[in-house]
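*Asks:* When you get a sec, could you give me coordinates for this:
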Amino acid sequence: MVLPGDSLLFIAGAMCATGGMDIGLLIPLLMLASLLGDNTNYCIGRFAGARLFRNPNSKIFRRDHLEHTQTFYQKHGGKTVTIARFMPIIRTFAPFVAGMGHMSWPRFVGFSALGSVLWVGGLVGLGYFFGNVPFIKQNFYQKQLGRHSKMLRRHCKQVGNHSKMLGSHSKHRGNRVKIPHSSHEG
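*Replies:* Got it, this is the predicted structure:
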């Protein structure tokens, strides 16, 4: 599942402003999660990435590409790791490629930490700021609860439909679960 990280950070900040979460706990936890995710991806790239380049006849994973990557990360690795944090798909691959390109781990961690501080702190802080605007603060929970309850009803309905399909194809009809139907749809 792909989650829109930037908008979730903003919403988390707005929820902190309305009292829904503690910003003093949320920001350090999100920064830690960001660092752990980056480091995991870096380690996978560092230890498994080289295996991709073992075949000298590979058309895609060519040794010269790896050498270009290593040169690039020596020159621009810090900027890449920091700025990639703000680019949804690139932030997934940049740590892996940094590991594969043998960017030094202490340098990687330093720039990853900087990116995490700017990304988490900036977006949660921005959400917190806008969440303190009186109009938003008064209407935030009402709109969010409405959206989430519609989404929850939709998912429950889908689960119910799948359960009915599975139940109708079951060899053991006595084991079917009956799901109450609602005439109200969201």
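*Asks:* By mean pLDDT, flag the weakest helix or strand of the protein.
*Replies:* Every helix and strand of the chain was ranked by mean pLDDT, DSSP states H and E. The lowest is helix 134-168, at a mean of 61.
*Asks:* average model confidence for stretch 115-126?
*Replies:* The average pLDDT within stretch 115-126 is 94.
*Asks:* Give me the contact list for that stretch.
*Replies:* For stretch 115-126, the external contacting residues (Cβ atoms under 8 Å, 6 or more residues apart in numbering) are 6, 9-10, 12-13, 16, 23, 26-27, 30-31, 34-35, 38, 81-86. Placement of C-beta: from N, CA and C, glycine included.
*Asks:* gap between the two ends of that stretch?
*Replies:* Terminal residues of stretch 115-126 are spaced 16 Å apart (Cα to Cα, to the nearest Å).
*Asks:* swap in stretch 56-64?
*Replies:* By Cα to Cα, the extent of stretch 56-64 from end to end equals 10 Å.
*Asks:* do the same with stretch 81-91
*Replies:* Separation of the first and last residues of stretch 81-91 by Cα to Cα is 8 Å.
*Asks:* Averaged pLDDT, it. What do you get?
*Replies:* Mean predicted confidence for stretch 81-91 is 87.
*Asks:* Quick check: buried residues in it?
*Replies:* 81-85, 91 (16 or more other Cβ atoms under 10 Å).
*Asks:* hmm, who's touching that stretch?
*Replies:* Contacts of stretch 81-91 with the rest of the structure, by Cβ under 8 Å, 6+ apart, involve 4-6, 34, 38, 93-95, 98, 103, 108, 111-112, 114-116, 118-119.
*Asks:* which among the residues you listed end up buried?
*Replies:* By neighbour count, with 16+ other Cβ under 10 Å, the contacts of stretch 81-91 hold 5-6, 34, 38, 94-95, 98, 103, 108, 111-112, 115-116, 119 as buried.
*Asks:* Pipe those into JSON lines and attach secondary structure per row.
*Replies:* Converted to JSON lines, the buried ones among the contacts of stretch 81-91 look like this (DSSP: H, G, I helix; E, B strand; the rest coil):
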{"residue": "5", "secondary structure": "helix"}
{"residue": "6", "secondary structure": "helix"}
{"residue": "34", "secondary structure": "helix"}
{"residue": "38", "secondary structure": "helix"}
{"residue": "94", "secondary structure": "helix"}
{"residue": "95", "secondary structure": "helix"}
{"residue": "98", "secondary structure": "helix"}
{"residue": "103", "secondary structure": "coil"}
{"residue": "108", "secondary structure": "helix"}
{"residue": "111", "secondary structure": "helix"}
{"residue": "112", "secondary structure": "helix"}
{"residue": "115", "secondary structure": "helix"}
{"residue": "116", "secondary structure": "helix"}
{"residue": "119", "secondary structure": "helix"}
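*Asks:* tell me which of those residues is nearest to residue 127?
*Replies:* Distances from residue 127 to the buried ones among the contacts of stretch 81-91, taken as Cβ to Cβ, are shortest for residue 6 (10.1 Å).
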